[in-house]
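1. Below are the sequence and a predicted model; questions follow.
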Amino acid sequence: MASKTTTLLVIGGGPGGYVAAIRAAQLGVATMLVEGMAPGGTCLNIGCIPSKALIHAADEFDRVRRATPGAVSSPLGIRAEAASIDLAVTQAWKEGVVGKLTGGVAALLRKAGVQVVAGWARIVDGKTVDVAQESGETLRIQCEHLLLATGSEPMALPQLPFAGKVLSSTEALALTEVPRHLVVVGAGYIGLELGMAWRKLGAEVTVVDVAERVLPGYDEDLGKPVLAALKRMGIVLHLGCTAEGLTVDGAGLRVRSRHADEFVLPADKVLVAAGRRPLTAGLESLQLDMDGRAVKVDASCRTSMRNVWAIGDLTGEPMLAHRAMAQGEVAAECIAGHKRRFAPLAIAAVCFTDPEVVAVGLTQAQAAQAGIETLSAQFPFAANGRALTMEGGEGFVRVVARQHDHLVLGWQAVGQGVSELAAAFSYAIEMGARLEDVGGIVHAHPTLGEAVQEAALRALGRAIHL
Ligand SMILES: Cc1cc2nc3c(=O)[nH]c(=O)nc-3n(C[C@H](O)[C@H](O)[C@H](O)COP(=O)(O)OP(=O)(O)OC[C@H]3O[C@@H](n4cnc5c(N)ncnc54)[C@H](O)[C@@H]3O)c2cc1C
């Protein structure tokens, strides 16, 4: 068997693994990275990027479709004779975006001097990994430090295993025909993002969730405008209901209501978006301490085994690409001998539904649970000029601050384009801004950012535009 040695071996080339590898190589650490797919991991290949590309295509198509005869007439006076979409072209464009980015990551790794090994890693022990390469040969790699960045996988439901018409997000992103009836099981962010996109592309969409409300991971007020939009779009919701499995003939999905009666939904495709779980298969031999299903790490991303590190989705919630990247940098710098801790005050969670949702830091209820007295105010986009010029008058920005010194603890927003406010929200929290700081900054006009300033001013009792 061929063998190689290195100082750092990274398993997994997702946003956690590739960032860690680049940073370690920048710091002079001899680094190898093993990846079974294209570089970029779930995020670039089958997650964040293709989903946002599909959402954009669906939005564009929907805009044209809404201007055609028979649709509710456009208040902007735009008319189109007809709308059509060639989904094969759309998918090819989406894959082109993915290809540009994965190619870019491969180039960055090469430029940084990281040795990339294509293949699937099998861990022998904390310092030895065998890689089954495409050529059929096995390469043994010995390392001083092992960094685990294997990510996560979609959770299957026992009554609806992934096969045939039952899809995970991966297959739902790659459909080459618009399904007539798409049932989405799961009203979390992945289910709603993809459900809305396929609805805009022409599918009849039904959402089933055992929870009583959509986006159960977010503050209830944030979900309300999303719920209203789902209904407006004609997406049928069965909340408080469980998916029981396909009918015997496979044509529909059996659903049990909260009153225990069963009904059948027509379904050409069923997207199961019931959450993701850390990909821990193959780690058993290391016998690492676990935190539920996730690998337990300390603030430097060390596991319970010396010189074995873990980052990203493998280490549990929040399973987000930007968290994985930030952990990757911290782990690489610690491995290179620097003193670093992964201790962000807040990590933004963004939901690319229509309208978008963003939450950073604490809600008022979470602060109360932590025994912190707060004041909070929200500013509606109905009073924001930029929002109205984009037909985005629905939604709001809300700020949460500590009562006694006005330190900003959290932001929540829902509305068109609010994902781009995530940076401002995070800066304010990480830089220790107070309401007076945010309220006193000159914000460009007309922008959604003015609603951020006005929320802070309103919390101080002196909003100007409300
Ligand atoms: C549809 C969808 C939409 C999403 N949208 C967003 C979003 O908008 N924003 C956001 O922040 N997050 C989003 N996410 C989540 C995001 O993709 C993950 O949080 C992120 O990719 C985690 O990064 P990671 O590096 O931990 O793992 P991953 O990106 O999962 O990468 C792990 C890599 O390890 C490789 N690997 C695993 N085992 C082995 C092995 N034995 N040998 C070799 N290679 C191996 C895998 O092939 C994979 O490439 C989305 C996810 C999905 C599914």
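-> Yes, it's here.

2. Could you pull up phi and psi at residue 454?
-> In this entry, residue 454 is assigned phi and psi values of phi -70, psi -30 (degrees, to the nearest 10).

3. For it, give me its contacts.
-> 379, 383, 384, 397, 463, 464, 465, 466 (CB atoms under 8 Å, 6 or more residues apart in numbering). For the C-beta atoms, the positions are set from N, CA and C on the backbone; glycine is no exception.

4. for the closest residue to it other than its chain neighbours, helix, strand, or coil?
-> Once flanking residues are discounted, residue 454 sits nearest to residue 379: 4.2 Å by CB to CB, 6 or more residues apart in numbering. Following DSSP: H, G, I helix; E, B strand; the rest coil, residue 379 is assigned to strand.

5. returning to that earlier point: want to throw the contacts of residue 454 into CSV with secondary structure and distance to residue 2?
-> Output for these, formatted as CSV (DSSP: H, G, I helix; E, B strand; the rest coil; distance: CB to CB, whole Å):
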residue, secondary structure, distance to residue 2
379, strand, 62
383, helix, 66
384, coil, 62
397, strand, 57
463, coil, 68
464, coil, 69
465, coil, 68
466, coil, 69
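
6. which of these lies closest to residue 364?
-> Nearest to residue 364 among the contacts of residue 454 is residue 397, at 14.1 Å by CB to CB.

7. Thought residue 413 was touching the closest one, still the case?
-> Yes. Between residue 397 and residue 413 there is a contact under CB atoms under 8 Å: 4.5 Å.

8. residues shared between the contacts of these two?
-> 421, 451.

9. Name the member of the contacts of residue 454 with the most neighbours.
-> residue 397 (30 neighbours; other CB atoms under 10 Å).

10. and that one, what does it touch?
-> Contacts of residue 397 (CB under 8 Å, 6+ apart): 378-379, 381, 411-413, 415, 418, 421, 448, 451-452, 454-455.

11. What about those, which are in strands?
-> 378, 379, 411, 412, 413, 415 (DSSP state E).

12. Tell me how far the spatially most central residue of the chain lies from residue 430.
-> Centroid-nearest residue in the chain: residue 320, 5.3 Å away (criterion: CA atoms, centre = their mean). Distance from residue 320 to residue 430, counting by CB to CB, to the nearest Å: 16 Å.

13. residues in contact with the residue nearest to residue 410 when sequence neighbours are not counted?
-> For residue 410, ignoring the flanking residues on the chain, the nearest one in space by CB to CB, 6+ apart is residue 361 at 3.3 Å. Residues near residue 361 by CB under 8 Å, 6+ apart: 345, 346, 400, 408, 409, 410, 411, 425, 429.

14. just the buried members of those?
-> 346, 400, 408, 409, 410, 411, 425, 429 (16 or more other CB atoms under 10 Å).

15. How about the third one: which residues does it bridge to?
-> By that I understand residue 408. Beta-bridge pairing of residue 408 under DSSP bridges involves residue 401.

16. what's the pLDDT at it?
-> Residue 408 is assigned a predicted lDDT (pLDDT) of 98.

17. what about it, distance to residue 58?
-> On the measure of CB to CB, residue 408 and residue 58 end up 35 Å apart.

18. what do you get for the second one?
-> Residue 400 sits 33 Å away from residue 58, taking CB to CB as the criterion.

19. How many residues are close by residue 386?
-> Residue 386 - counted by other CB under 10 Å - has 18 other residues nearby.

20. helix or strand right after the host helix or strand of residue 359?
-> In this structure, residue 359 sits in strand 356-361 according to DSSP states H and E. Later in the chain than strand 356-361, the nearest helix or strand by DSSP H and E is helix 364-369.

21. Remind me what that following helix packs against, helices and strands.
-> strand 374-380, strand 396-402, strand 408-415 (3 or more CB pairs under 8 Å, 6 or more residues apart in numbering; DSSP states H and E).

22. And those: which comes nearest residue 230?
-> strand 408-415 (13.0 Å).

23. next one: the closest one to chain centre, how far?
-> 17 Å (CA atoms, centre = their mean, to the nearest Å).

24. After that strand, heading C-terminal, what element do we hit next?
-> Following strand 408-415 toward the C-terminus (DSSP H and E): helix 422-430.

25. Return the distance of the closest residue to residue 41 other than its chain neighbours relative to residue 263.
-> Nearest non-adjacent residue to residue 41, counting by CB to CB, 6+ apart: residue 14, 2.1 Å away. Residue 14 sits 40 Å away from residue 263, going by CB to CB.
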